[in-house]
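S.K.: With the input below, show me the fold.
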Amino acid sequence: MSSAPPKLKTVTLGCKVNQYETQYVRQGLLGIGYADAADEEAADLCIVNTCTVTAEGDAKSRKVIRSLARKNPASRIVVMGCYATRAPDELAQLPNVAEVVTDKRELPDLLGRFGVVDIPTGISSFGDRHRAYVKVQDGCLLRCSFCIIPLVRPQMHSRPLAEVLDEVRRLVDAGYRELVLTGIHLGHFGVDFNRQRDKSDWVRLSTLLREICLLPGNFRVRLSSIEATEVTRELIAVMAEFPKRIAPHLHISIQSGSDSVLRRMRRRWGVQRFVDRCRLVQEAIDRPAITTDIIVGFPGETEDEFEETCQVALTVGFSKIHIFPFSPRRGTPAAEMSDQIAAEVKQERLHRLATVEAELRDAYYDNLVGSKLQVLVESLLPEKPGWFVGTSCRYTPVELPANPSDEGQFVNVTAGTSDDGRIRGLLS
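M.R.: Prediction:
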């Protein structure tokens, strides 16, 4: 009588890159006989992929580890991720922690220690989702004054073009309809191996994107967060050349709309350059969705500087803004700045900018009424029988009537009016 397979649980905190790396480890372990543990089933092995962007991320990671140890007392816990890189000794003291992986480049070695002989070069599935993340790059050399990530992921590394293309083929063959290219500094894809090449032979993100677009299959590709200086004319040209393959959406992080705040943040460009890049995108592509990140209440931020940020948001016309109140991160220059902003001021500015964001979102949605949208149908709306919710090519959530067989597939809809942050669509 064969014994039951060992049970595995994985928990991921943080970014898309972390989610990809957890899936890479999970797939390797499933390949040698591990099985996913059910919700209430005890696990033999737990993998925790941690985040250290904020002190809250550290606290959440510790809480997850302690909870897993309590609910799975016989388990071994392996901790990986950016917190593991920053403070491995701290994490090693937590209950049931058997190993702390301090460098993401060690993940193939980790799998080897568990008995994986055929070490994968990538992934072939992404759980039960309908979109998959494809990590193409790691590492960041920037030194933004608020960010800890360059200290824990400083090594620049781009995956070989052929390896990425093979992974995309596998994921498309497995039925994933949307692939999101991601990296710690996505726009620096290729920088590391271009150092040994003639400039005429450089590989850039635009090169990779074009090669992916030429692959067969029913899928679309979306870029995750990118810096304004890397939204090059070449990249925009590829997006314009393949409008049905590449989602007309860019997440371009601005962080602040004030030049003086950007200097204190040690960002690499001023506001006008950012706005100019957004204008290039808007001129080349039909009604693109431009989303962004903004930090409010950065040390020393005056009322005038905050108002400059609100005005820039209106000038660009973002369709979505991820708004974060500044959180001092120990180990970064911004945490040591003397003119920290009071918590109640940060919250008040967050609410004001959220009002601007809602107005911009509604204006963008209104501009789409009557247009055709390609929607990836994702899940049933339990409160509305026969209706599903999905994500459009322009990164807008869409409610639509659909058949169960449409889940996980593309459908074309005509955009109607919006309500409660969603567009209502009708099949077209």
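S.K.: Check residue 148 and give its pLDDT.
M.R.: Each residue has a pLDDT score; the one for residue 148 is 88.
S.K.: Quick check: residue 361 vs residue 95, distance?
M.R.: Using CB to CB, to the nearest Å, residue 361 is found at 44 Å from residue 95. The way it works is simple: take the backbone N, C-alpha and C, and place the C-beta from them, glycine included.
S.K.: contacting residues for residue 176?
M.R.: 126, 129-132, 219 (CB atoms under 8 Å, 6 or more residues apart in numbering).
S.K.: Oops, could you answer that again for residue 145 instead?
M.R.: 264-266, 332-334, 337.
S.K.: at 10 Å what do you get?
M.R.: Listed by CB atoms under 10 Å, 6 or more residues apart in numbering, the contact set of residue 145 reads 263-267, 298-299, 329, 332-337.
S.K.: so how far is residue 247 from the nearest residue to residue 416 once chain neighbours are set aside?
M.R.: Nearest non-adjacent residue to residue 416, counting by CB to CB, 6 or more residues apart in numbering: residue 424, 4.3 Å away. The spacing between residue 424 and residue 247, counted by CB to CB, is 20 Å.
S.K.: and the two? which has more neighbours close in?
M.R.: residue 247 (23 against 18; other CB atoms under 10 Å).
S.K.: Just give the nearest non-adjacent residue to that one, would you?
M.R.: For residue 247, the closest residue by CB to CB, 6+ apart turns out to be residue 222, at 4.1 Å.
S.K.: Let me know the pLDDT of residue 272.
M.R.: pLDDT, the model's per-residue confidence, is 97 for residue 272.
S.K.: Now do the phi/psi pair for it.
M.R.: Main-chain dihedrals, residue 272, degrees, to the nearest 10: phi -60, psi -40.
S.K.: Please tell me how far it sits from residue 278.
M.R.: 11 Å.
S.K.: Name the residues contacting each of these two.
M.R.: In terms of CB under 10 Å, 6+ apart, residue 272 and residue 278 are both contacted by the residues residue 312.
S.K.: shaky segments in the protein?
M.R.: 1-2, 194, 200 (pLDDT under 70).
S.K.: Domain map for it?
M.R.: 7-113, 124-247, 372-427 (automatic domain parsing).
S.K.: one step back: the residue nearest to residue 416 is in what secondary structure piece?
M.R.: Element membership of residue 424, judged by DSSP states H and E, is strand 422-427.
S.K.: Other residues contacting that strand?
M.R.: Under CB under 10 Å, 6+ apart, the answer for strand 422-427 is 364-366, 368-369, 372-373, 375, 381, 387-390, 392, 394, 396-403, 406, 411-418.
S.K.: Give me the PyMOL select line for the residues you listed, limited to the buried ones.
M.R.: Under the burial definition 16 or more other CB atoms under 10 Å, those of the contacts of strand 422-427 that qualify are selected in PyMOL by:
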select buried, resi 364+365+368+373+375+388+389+390+392+394+396+397+398+399+400+401+402+406+411+413+414+415+416+418
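S.K.: Filter the contacts of strand 422-427 down to the ones in helices?
M.R.: 364-366, 368 (DSSP state H).
S.K.: With distance to residue 203 as added columns, please give those in TSV.
M.R.: Compiled in TSV, these are given as follows (distance: CB to CB, whole Å):
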residue	distance to residue 203
364	34
365	37
366	40
368	35
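S.K.: out of the residues you listed, who's nearest residue 168?
M.R.: Nearest to residue 168 among those is residue 368, at 28.3 Å by CB to CB.
S.K.: residue contacts, that closest one?
M.R.: So residue 368 contacts 287, 289, 319, 392, 394, 396, 398, 414-416, 418, 423, 425 (CB under 10 Å, 6+ apart).
S.K.: Greatest separation within the residues you listed: which pair is it?
M.R.: The largest separation in these, counting by CB to CB, is between 319 and 414 at 18.6 Å.
S.K.: returning to what we had before: out of residue 361 and residue 95, name the residue with the larger neighbour count.
M.R.: residue 361 (19 against 12).
S.K.: Tell me which stretches of the stretch 51-200 of the chain form helices.
M.R.: With DSSP state H, counting those that start in this stretch, the ranges of helices along the stretch 51-200 of the chain come out as 55-71, 82-86, 88-92, 107-113, 149-152, 161-173, 191-194.
S.K.: So which of those helices is the most surrounded?
M.R.: Most buried of the helices of the stretch 51-200 of the chain, by mean neighbour count (mean count of other CB atoms under 10 Å): helix 82-86, with a mean of 24.
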